[in-house]
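Engineer: what's the 3D shape of this:
(chains A and B)
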Amino acid sequence: MSPRLAGACIAVLRRDLVLAWRRRSDIAMPVLYALIVTMLFPFALGPEDSLLQRIAGGVILVTILLAMLLALDAMFASDIEDGSLEQLMLAPQPLALMLGMKILAHWLTTALPLIVIAPLLAAMLHLPAAVIPVLLLALLLVTPLISLFGGVLVALTAGTRRSGMLLALMLLPLCVPALIFAAGAVAAAQQGLPWLAPISWLAAVLVLAVVLAPLACAAALRIALDC
Amino acid sequence: MANWIPLWLHRLSSPPTFYRFAGALRPWAMALAVLCGIIGLYGGLVLAPADYQQGDAYRIIFIHVPSAWMSMFIYAVMGVSAFIALVWRIKLAEVVAMESAPIGAAFTFITLVTGSLWGKPMWGTWWTWDARLTSELVLLFLYLGVIGLYHAFEDRRQGARAAAFLAIIGIINVPIVHFSVNWWNTLHQGSTVNIFGHSKISWDMLWPLLAMTLATKFYYAASLFRRAQTDLLDLESGKDWVRKIAESEADR
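Structural biologist: Residues are numbered from 1 along each chain as shown, chains lettered A, B, ... in the order given. Sure, this is the predicted structure:
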């Protein structure tokens, strides 16, 4: 990568991170959402340790998936409003790379705080401490996948007005396989079984998605904004 | 040289030509669909013998299996025409892709409903999180996502292109549905009918099944032709050929 291209990548990344930092309360929202949703489960199902332990892995994964879905809408919204996305599309740098940086910034600002509080969520549901590293590993692989898939779909709905529910309808079916593998790894670790196979699958899919999703995202954005 | 095939296809992709082509073929497709449907249903519900284990309950396959095949076939058609629409920007391909989606969603829904009706007496449950069932459900959501995205845009051609892109992403699910019974050993049975080999089903039961398959294929063609005709009239409204059709309809 030439130094100028790297400079452009860093500029896009820094701009998005600075913008996110200026609106810090937006970063806190998905975290609060995940905390509250996780808190609801013991109330709804009863505070029985063995039951909570059994469902903990799945509940945390689904909660984080939904929290990310809430924040996904905002990925390109402000850039479309102030026209900076069009400038990015006209720029000589490859659009896919720039969008990849934007997706990375989005992952850093929404998914990373969620992963940081994941041990707390796990403790709230009495997940055994030995399983928490596997859960974190699964989350580290699943959340970028959701961000990348989400980036493509958000780009597709960029030209529409009411995209929130539509985004859920499109994203959640695509996330089913990733969710199955991540939950499978956590469940296997909980039962003392080898959990490396589903984690390797997730890693393989993530490698594929890192390469292909930014390209698809760029193509989708050109279709949705018609230029 | 067989030069006329690409030429003919090119001409067919023009909306007025396709409008007339679809109008001419639609009654035939519909008639064949009804004919094959009657033959298949009579053969399946009356002539075919009862299963030695499942009794008469197995007869739901004459609806369930053709619908399941159609749910994947239509998605494949949609994916291919979506690809053509995005690469060559052919308006007719967009129309075919977008008008296939509701028909495919309907067949997927029928598959799921008939499957769970059969599952209650046979498996003792309406629904189970089996690989085949789950991937078919995901297929339904993909169809609904395509339809939803198409209607979310104000400009219909832009919506069609965005939804076509989503359809291409979702096509990865079709092989998963097809091979799910081989890859995961869960409750849904493997395939009994084999195109290139020996089918593990009696001929008395196979021929009504094939007749029903033909019926669903012809029904899809007829339905698609009608939907595409209406859609083309709407898309091209204001053009000369549409005005002529409207005038001739007004004169009747």
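Engineer: where exactly do the helices run in chain A?
Structural biologist: A:3-22, A:24-45, A:49-72, A:74-81, A:84-90, A:95-106, A:112-124, A:132-156, A:164-190, A:196-225 (DSSP state H).
Engineer: wait, which of the ones you listed is closest to B:Lys120?
Structural biologist: helix A:164-190 (24.6 Å; Cβ to Cβ). No exception for glycine: its C-beta is placed from N, CA and C like everyone else's.
Engineer: what about B:Asp130, neighbour count?
Structural biologist: 17 (other Cβ atoms under 10 Å in any protein chain shown).
Engineer: make that B:Glu94, sorry
Structural biologist: Count around B:Glu94 with other Cβ under 10 Å applied: 25.
Engineer: next, the contact list for it, please.
Structural biologist: B:Ser81, B:Ala85, B:Arg157, B:Ala160, B:Arg161, B:Ala164 (Cβ atoms under 8 Å, 6 or more residues apart in numbering or on different chains).
Engineer: model confidence for the residue of the stretch 151-252 of chain B found nearest chain A, exactly?
Structural biologist: Chain A sits closest to B:Ala152 of the stretch 151-252 of chain B, with a gap of 4.1 Å, by Cβ to the nearest Cβ. At B:Ala152 the predicted local distance difference test score is 88.
Engineer: spatially nearest residue to B:Pro104 (excluding sequence neighbours)?
Structural biologist: Heads up, residue B:104 is Gly, not Pro. B:Ile74 (3.5 Å; Cβ to Cβ, 6 or more residues apart in numbering or on different chains).
Engineer: oh sorry, the question was meant for B:Ser13
Structural biologist: B:Leu92 is the one closest to B:Ser13 (Cβ to Cβ, 6+ apart), at 4.6 Å.
Engineer: tell me the pLDDT at that neighbour?
Structural biologist: At B:Leu92, pLDDT is 91.
Engineer: now do it against B:Arg20, distance only.
Structural biologist: 13 Å (Cβ to Cβ, to the nearest Å).
Engineer: quick one, which of those two is more surrounded?
Structural biologist: B:Leu92 (21 against 14).
Engineer: list the buried ones in stretch A:43-62?
Structural biologist: A:Leu52, A:Gln53, A:Arg54, A:Ala56, A:Gly57, A:Val59, A:Ile60, A:Leu61, A:Val62 (16 or more other Cβ atoms under 10 Å in any protein chain shown).
Engineer: in contact with the fourth one, which residues?
Structural biologist: Going back to what we said before, that points to A:Ala56. A:Ala122, A:Leu125, A:His126, A:Leu127.
Engineer: ranking those by neighbours, who comes first?
Structural biologist: Neighbour max across the contacts of A:Ala56 (other Cβ under 10 Å) = A:Leu127, 26 neighbours.
Engineer: what sits closest to that one if chain neighbours are left out?
Structural biologist: Per Cβ to Cβ, 6+ apart, closest to A:Leu127 is A:Ala56, 4.0 Å.
Engineer: need the pLDDT of that neighbour.
Structural biologist: 90.
Engineer: what's the answer for B:Ser199, then?
Structural biologist: pLDDT, read off for B:Ser199, is 68.
Engineer: same check on B:Arg252?
Structural biologist: 76.
Engineer: kindly report the same for A:Met1.
Structural biologist: 66.
Engineer: which residues touch A:Gly100?
Structural biologist: By Cβ under 8 Å, 6+ apart, the neighbours of A:Gly100 are A:Val210, A:Ala213, A:Pro214, A:Cys217.
Engineer: my guess is the first one contacts A:Phe149, does it?
Structural biologist: No - counting by Cβ atoms under 8 Å, A:Val210 sits too far from A:Phe149 to count as a contact (11.6 Å).
Engineer: the more surrounded of those two?
Structural biologist: Ranked by neighbour count (other Cβ under 10 Å), A:Val210 and A:Phe149 place A:Phe149 first, with 22 against 15.
Engineer: which ones are touching residue 172?
Structural biologist: Using chain A here. A:Leu65, A:Leu69, B:Phe141.
Engineer: go again with 10 Å.
Structural biologist: The contact partners of A:Leu172, by Cβ atoms under 10 Å, 6 or more residues apart in numbering or on different chains, come to A:Val62, A:Leu65, A:Leu66, A:Leu69, A:Ile146, A:Leu179, B:Val138, B:Phe141, B:Gly145.
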